[in-house]
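>>> Return atomic coordinates for the entry below.
(2 chains)
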Amino acid sequence: MIENPLLRHGLLVLAVMYLAWSLGSLEIDWSRTSQGAERAGRIFSRMFPPDFSRWSLLVRGVTESVEMALAASFIGMILAIPVGLCAASNIAPRPIYLAARGILVLTRTFHEVIIAILFVKIFGFGPLAGVLTLVVASVSFIGKMLAEDIENMGSQQMEAIRATGASFPKVLIYGVMPQILPRYLGVSIYRLDANIRHSTVVGIVGAGGIGQTLSATFSRYDYDFSLAILLTIIGLVFLGEFFSNWVRGRLR
Amino acid sequence: MLKIEALSKSYTAGVAALDNVSFEVAEPQVVAIIGPSGAGKSTLIRCINRLVEPTAGSAILNGENVTNLNSAGLRKARRRMGMIFQEYNLVERLTVMENVLSGRLGYVSFWQAWRRNYPPEDISNAFKLLDRVGLSGFQDQRADALSGGQRQRVGIARALMQKPDLLLVDEPTASLDPKTSRQVMRILVELAHELSTPTLLNIHDVPLAKNFADRVLGMQDGKLIFDGTPDELTEDALTLIYGEEDWKPEAKAGSPAEQENADSPEQAAAV
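Sure thing, here's the model as predicted:
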């Protein structure tokens, strides 16, 4: 890989030295680690058997999460269209392109959890904050993919439609849309799947859904109920993934 | 019908891709434009419908200066100029019928276009044209399922759907095999004559140009340097356009022009 033997061996020595230094600086507290292992054992033993007796609470949380994911995906999918179009350099004028790219970069800078904390502060606890968080994340994700697809598509079909005297909106629906539609739908479905997973996470900071229920069980030491929720989340995510793969397979 | 006056285009300042080109097409004829790669043939026809914006000069179609039009006026003018492309430029994921009807996009409203709700006379005209280019029965096939020759025929039908006053054709056969090339050229030229549509046709295949065109323009380095009938396109004229070469059909490897190069080692080394 690296031609120069001096450089190659030098880099290797540096890498080993860095590893040794970083391990040395960790200050692993062995007594705390062993206490932690003990506590982990206690928690896991109290998790079994999982307690599904409060299933109505569970169903309510799951339903809320799925509703949040569905609403956020749908709104995000719609809002991503203007953002994506504006963020494609080959069809948007320069100032609009830069503004749209700025929005995309800004929204991608922050992790969902940070956005969720902000929205919980603004709108209070509950699913509204969660939906808004997921909308922001979806617009930014789908919008970016859409913009990149438009930039990578062939200009020839667009050129031919322009040459017929078609106006810009018609160029969009004939020259652009047919080229990017399958990918756009695929990405949106993928985002629905991702939103189902993320809806459980944003709940932990109070933005509604099953995550909020899970967070509450941990603070009340209801570990058997926690496990029931975790198992349900696994099932939910599995179903979401399965559904998303199935739909995307059919889109090809 | 079409008058080109001192049309010029520079992509980068100082380098002219199209240099002060003037000519007139006064009758419905098929005008082939030949010349080496990079001579500005594509730029010329794209400057007429302003897919490429000319730097100077004007293109006047039926008395209207297309170069001065604002964007709404330009769209109206483009409706009257059909264009056919080297790579066919069909919308791959749409059907043959949708592609042909897209030639009417300048005339229908956005909602008609969105709902594919074209006027009945457009649809019957589309069927007629598909039949005319030998593709009847193909209307529901997707464009990406067609062969190259079939795609180009859809491209011809789409351009003619516009009922154009001018056809701009950019290397229609460069991606096709020799037989298909001739078939496509025949259909194109026949229809252009039948509909009395003046046609500007970029083509790098000189025998095809001589075979099918009524008039030949020769370009080099962005300049128009030849304007004549196919018969006037002699070996001397070809040399003028393309540079020194043995143009006789029977000429083979080791022809005088090549030997000349081989004899000068400095030149060979420079290459």
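
>>> Which elements pack onto the helix or strand in which residue B:207 is found?
Here residue B:207, judged by DSSP states H and E, is contained in helix B:206-212. Secondary-structure packing of helix B:206-212 (3 or more C-beta pairs under 8 Å, 6 or more residues apart in numbering or on different chains; DSSP states H and E): strand B:30-34, helix B:178-194. In short, each C-beta sits where N, CA and C put it, glycine included.

>>> who wins for proximity to residue A:70 among these?
Relative to residue A:70, the nearest member of those by C-beta to C-beta is helix B:178-194, separated by 50.7 Å.

>>> What residues of that closest one count as buried?
Along helix B:178-194, these residues count as buried under the neighbour rule (16 or more other C-beta atoms under 10 Å in any protein chain shown): B:180-185, B:187-189, B:191-192.

>>> do the same with stretch B:4-11
B:4-5, B:7-10.

>>> Is it correct that residue A:217 is in contact with residue A:230?
No - using C-beta atoms under 8 Å, residue A:217 makes no contact with residue A:230, being 9.6 Å away.

>>> So between these two, which is more surrounded?
residue A:217 (20 against 16; other C-beta atoms under 10 Å in any protein chain shown).

>>> quick one on the thing from earlier: of the buried residues of stretch B:4-11, just say which sits nearest to chain A.
residue B:9 (16.5 Å; C-beta to the nearest C-beta).

>>> Could you say which helix or strand holds that closest one?
strand B:2-12.

>>> go on, residue B:43?
helix B:41-48.

>>> Residues of the stretch 51-200 of chain A that sit close to chain B?
Listed as neighbours of chain B in the stretch 51-200 of chain A under the rule C-beta under 8 Å from any C-beta of the partner chain: A:156-157, A:159-167, A:169-170, A:173-175, A:178-179, A:181-182.

>>> Got a ChimeraX select line for the buried ones in those residues?
In ChimeraX syntax, the buried subset of those is picked out as below (16+ other C-beta under 10 Å):
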select /A:156,157,159,160,161,162,163,164,165,166,167,170,174,175,178,179
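
>>> coming back round to it: for residue B:80, find the nearest of the helices and strands packed on helix B:206-212.
Nearest of the helices and strands packed on helix B:206-212 (C-beta to C-beta): helix B:178-194, 14.8 Å.

>>> Paired strands for the following helix or strand past that closest one, with orientation please.
Next in sequence after helix B:178-194, counting helices and strands by DSSP H and E, comes strand B:199-202. Here strand B:199-202 has these sheet partners by DSSP bridges: strand B:30-34 (parallel), strand B:166-170 (parallel).

>>> In JSON lines, list the ones you listed along with mean pLDDT and distance to residue B:218.
Shown next, in JSON lines, are the strands paired with strand B:199-202 (pLDDT from 0 to 100; distance: least, C-beta to C-beta, whole Å):
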{"stretch": "strand B:30-34", "mean pLDDT": "95", "distance to residue B:218": "6"}
{"stretch": "strand B:166-170", "mean pLDDT": "95", "distance to residue B:218": "17"}
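
>>> Dump the ones you listed into a markdown table; add mean neighbour count and distance to residue B:103 as well.
As requested, the strands paired with strand B:199-202 are arranged in a markdown table below (neighbours: other C-beta atoms under 10 Å in any protein chain shown; distance: least, C-beta to C-beta, whole Å):
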| stretch | mean neighbour count | distance to residue B:103 |
| --- | --- | --- |
| strand B:30-34 | 25 | 20 |
| strand B:166-170 | 25 | 12 |
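
>>> Just put those in TSV and tack on distance to residue B:137.
Converted to TSV, the strands paired with strand B:199-202 look like this (distance: least, C-beta to C-beta, whole Å):
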stretch	distance to residue B:137
strand B:30-34	29
strand B:166-170	25
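
>>> of those strands, which approaches residue A:74 most closely?
Proximity to residue A:74, assessed across the strands paired with strand B:199-202 by C-beta to C-beta, is greatest for strand B:166-170 (42.9 Å).

>>> Can you give the distance of that closest one from its chain's centre?
4 Å (C-alpha atoms, centre = their mean, to the nearest Å).

>>> same check, this time on stretch B:205-223
Taking mean C-alpha positions (C-alpha atoms, centre = their mean), stretch B:205-223 and its chain are 11 Å apart.

>>> Can you list the buried residues in that stretch?
B:205-206, B:208-209, B:212-220, B:222.

>>> Max pairwise distance over those residues: which two?
B:212 and B:222, at 24.9 Å, using C-beta to C-beta across those.

>>> Where does pLDDT dip in the chain?
Using chain A here. Scanning chain A for pLDDT under 70 picks out A:1, A:252.

>>> wait, chain B
Residues of chain B that meet the cut-off, pLDDT under 70, sit at B:253-271.

>>> Around chain A, which positions in it sit nearby?
So chain B meets chain A at B:49, B:51, B:75-81, B:83, B:85, B:87, B:89-94, B:102-106, B:110, B:113-114, B:155, B:158, B:162, B:168 (C-beta under 8 Å from any C-beta).

>>> Can you give me the distance of residue A:221 to residue A:117?
24 Å (C-beta to C-beta, to the nearest Å).

>>> Who has more neighbours out of the two?
Taking other C-beta under 10 Å, residue A:221 and residue A:117 do not tie; residue A:117 has more neighbours (18 against 11).

>>> The nearest residue to that one once chain neighbours are set aside: neighbour count?
In space, residue A:117 comes closest to residue A:205 once its chain neighbours are excluded; the distance is 5.2 Å by C-beta to C-beta, 6 or more residues apart in numbering or on different chains. Burial of residue A:205 is recorded as 23 neighbouring residues (other C-beta under 10 Å).

>>> just the helices in chain B please.
Secondary structure of chain B by DSSP state H: the helices cover B:41-48, B:71-79, B:96-101, B:110-114, B:120-132, B:148-161, B:178-194, B:206-212, B:235-242, B:256-263, B:265-270.

>>> which residue does the stretch 151-252 of chain A bring closest to chain B?
Relative to chain B, the nearest point of the stretch 151-252 of chain A is residue A:165 (3.1 Å; C-beta to the nearest C-beta).

>>> now that residue, what's its secondary structure?
coil (DSSP: H, G, I helix; E, B strand; the rest coil).

>>> can you pull the contacts of it?
By C-beta atoms under 8 Å, 6 or more residues apart in numbering or on different chains, residue A:165 lies in contact with B:75-80, B:105-106, B:162.

>>> now do residue B:96
Contacts of residue B:96 were listed using C-beta under 8 Å, 6+ apart, and they are B:130, B:135, B:138-143, B:146, B:154.

>>> again, 7 Å this time
By C-beta atoms under 7 Å, 6 or more residues apart in numbering or on different chains, residue B:96 lies in contact with B:135, B:138-139, B:141, B:143, B:154.

>>> Any figure for the gap between it and residue B:103?
From residue B:96 to residue B:103 the distance is 12 Å (C-beta to C-beta).

>>> same question, residue B:50
Where residue B:103 is concerned, residue B:50 sits at a distance of 18 Å (C-beta to C-beta).
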